[in-house]
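Student: Next input, structure requested:
(one chain, ligands or ions: 2)
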Amino acid sequence: MSLLLKASNSHLFLSSSIASMATCSSFCAQLPISFRPIPISSSFPTNQPFKPFSAKASISPANDDGSPITVGFLGLGIMGSPMALNLIKSGCDVTVWNRTKSKCDPLISMGAKYKPSPEEVTAACDVTFAMLADPESAMEVACGKHGAVSGMGPGKGYVDVSTVDGGTSKLISGHIKASGASFLEAPVSGSKKPAEDGQLIFLTAGDKSLYETVTPFLDIMGKSRFYLGEVGNGAAMKLIVNMIMGSMMATFSEGLLLSEKVGLDPNVLVEVVSKGAISAPMYALKGPSMVKSLYPTAFPLKHQQKDMRLALGLAESVSQPTPISAAANELYKVAKSHGLSDSDFSAVIEALKGKVQS
Ligand SMILES: NC(=O)C1=CN([C@@H]2O[C@H](COP(=O)(O)OP(=O)(O)OC[C@H]3O[C@@H](n4cnc5c(N)ncnc54)[C@H](OP(=O)(O)O)[C@@H]3O)[C@@H](O)[C@H]2O)C=CC1
Ligand SMILES: O=CCCC(=O)O
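Tutor: Numbers count the residues shown, from 1 in each chain. Ligands and ions are numbered 1, 2, ... in the order given. Got it, this is the predicted structure:
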């Protein structure tokens, strides 16, 4: 299953950004002229209304024989649904499965095919992406009864984009590769909105040839990608990023509450922070709703606590002290115990208040 990119007029979309064109251009510059995607013509009206779920590349990834690479997608939660939808909107041949079948319906109505088990998805598709909650569900869907492994075989690829620990990823990789198929871990940085906008960051590791094969799909769903070598490195990078993020959110929460207690307007604190060296998009994005005690879920708090727990396990495995993250993890555990698991992770601020709201 090597990759050919075919210019496809029927799948010609406006690119969402110059940056995504640049990514596509550098990849496609290596291709024979006849297979290069058609560049966006300057004759397109520049005031064309822009749709967030835009396909970014006018390409249709294909097998050696010219047939399209068929794509499976397992797990249609907050992240999986918009990621799969972007593939569908780009003209990819997508087959979906989700434990709760009703979440497949909107994608089926957009043109996705459906199979009733992970096994049947992987049997039907050349490459299959999995976006599952945690290590347990990633293992279950890959290696359980009628799991993905049962439908895998030589020439196929499995790309696990869930956030799990390196040990789980290596276990899944071992089972997939024993079937003769290839494996790539590719957890993502970026939340619900970047998933909708095709702006995720992929942290990949595993079979390099599979990485190269799925590059066009990663570029539809994301804005950048890193290839980090052996399986486990992508998982470790993702956990470290989220460990930092979880600690940042915890101390930001302390700052918001402290500012209010000493008579300052926390909204002004958000603005001050946004102007200086510690500015981060996360603070500007989440701060105003945190001040109003609103936590619309983009990244569920239960997943942030899972990532803190897994990151602390990683640190433990190499005897790296992480006292700040360990303290932050305790706060997420308190927030969970107050029934905030399914709220956005910014609800961790509630764990610092005398009276918890849910
Ligand atoms: N939300 C975010 O901002 C981000 C999340 N992530 C990571 O991506 C992954 C998915 O996150 P997100 O989409 O937010 O999570 P959701 O909780 O919205 O979705 C979880 C998915 O896992 C499925 N699932 C859970 N348990 C099982 C099981 N035992 N068997 C089969 N399927 C199961 C759910 O199926 P069902 O619908 O049936 O419940 C659902 O499809 C997580 O690892 C998370 O840490 C990474 C980056 C950002
Ligand atoms: O794993 C979730 C990451 C959320 C984000 O990067 O904004």
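Student: which residues touch residue 326?
Tutor: residue 312 (CB atoms under 8 Å, 6 or more residues apart in numbering). No exception for glycine: its C-beta is placed from N, CA and C like everyone else's.
Student: That should have said residue 222, apologies.
Tutor: By CB under 8 Å, 6+ apart, the contact set of residue 222 is 188, 190, 198-202.
Student: Tell me the spacing between the nearest residue to residue 310 once chain neighbours are set aside and residue 272.
Tutor: Closest residue to residue 310 apart from its sequence neighbours, by CB to CB, 6 or more residues apart in numbering: residue 165 at 4.5 Å. Residue 165 is 37 Å from residue 272, where distance means CB to CB, to the nearest Å.
Student: Neighbour count: those two, which is higher?
Tutor: The neighbour comparison of residue 165 against residue 272 (other CB atoms under 10 Å) goes to residue 165, with 24 against 13.
Student: so that one sits right up against residue 312, yeah?
Tutor: No - counting by CB atoms under 8 Å, residue 312 is not a contact partner of residue 165; they are 10.6 Å apart.
Student: quick one on the thing from earlier: ok, the residue nearest to residue 310 to ligand 2 distance?
Tutor: Separation of residue 165 from ligand 2 (CB to the nearest ligand atom, to the nearest Å): 14 Å.
Student: Report the contact partners of that residue.
Tutor: For residue 165, the contact set (CB under 8 Å, 6+ apart) comprises 135, 235, 239, 310, 313-314.
Student: So which of the residues you listed wins on neighbours?
Tutor: Ranking the contacts of residue 165 using other CB under 10 Å puts residue 235 first, with 28 neighbours.
Student: On the three-state scheme, it is what?
Tutor: With DSSP: H, G, I helix; E, B strand; the rest coil as the basis, residue 235 sits in helix.
Student: thought it was touching residue 185?
Tutor: Yes - counting by CB under 8 Å, residue 185 is a contact partner of residue 235 at 5.8 Å.
Student: Now do the shared contacts for the two.
Tutor: Contact criterion CB under 8 Å, 6+ apart; residues shared by residue 235 and residue 185: 164, 169, 205.
Student: need the helices for the chain, in chain order.
Tutor: Assigned by DSSP state H, the helices in the chain fall at 18-28, 80-89, 105-109, 118-124, 135-143, 148-151, 166-178, 192-197, 208-221, 233-261, 266-275, 281-291, 301-317, 323-337.
Student: how long is stretch 179-197 from one end to the other?
Tutor: The straight-line separation of the ends of stretch 179-197 (CA to CA, to the nearest Å) is 35 Å.
Student: Could you give the average pLDDT over it?
Tutor: In this model, stretch 179-197 carries a mean pLDDT of 98.
Student: Could you do stretch 131-139 as well?
Tutor: Per-residue scores along stretch 131-139 average to 98.
Student: and the stretch 101-250 of the chain, which residues reach ligand 1?
Tutor: Residues of the stretch 101-250 of the chain that fall close to ligand 1, judged by CB under 6 Å from any ligand atom: 103, 131-134, 137, 140-141, 162-163, 188, 191-192.
Student: Show me what from the stretch 51-200 of the chain comes close to ligand 2.
Tutor: Proximity of the stretch 51-200 of the chain to ligand 2, by CB under 6 Å from any ligand atom, involves residues 163, 189-191.
Student: Please work out the residue of the stretch 151-300 of the chain nearest to ligand 2 and name it.
Tutor: Residue nearest to ligand 2 within the stretch 151-300 of the chain: residue 191 (3.7 Å; CB to the nearest ligand atom).
Student: where does the stretch 1-150 of the chain dip in pLDDT?
Tutor: 1-60 (pLDDT under 70).
Student: Great, nothing more from me.
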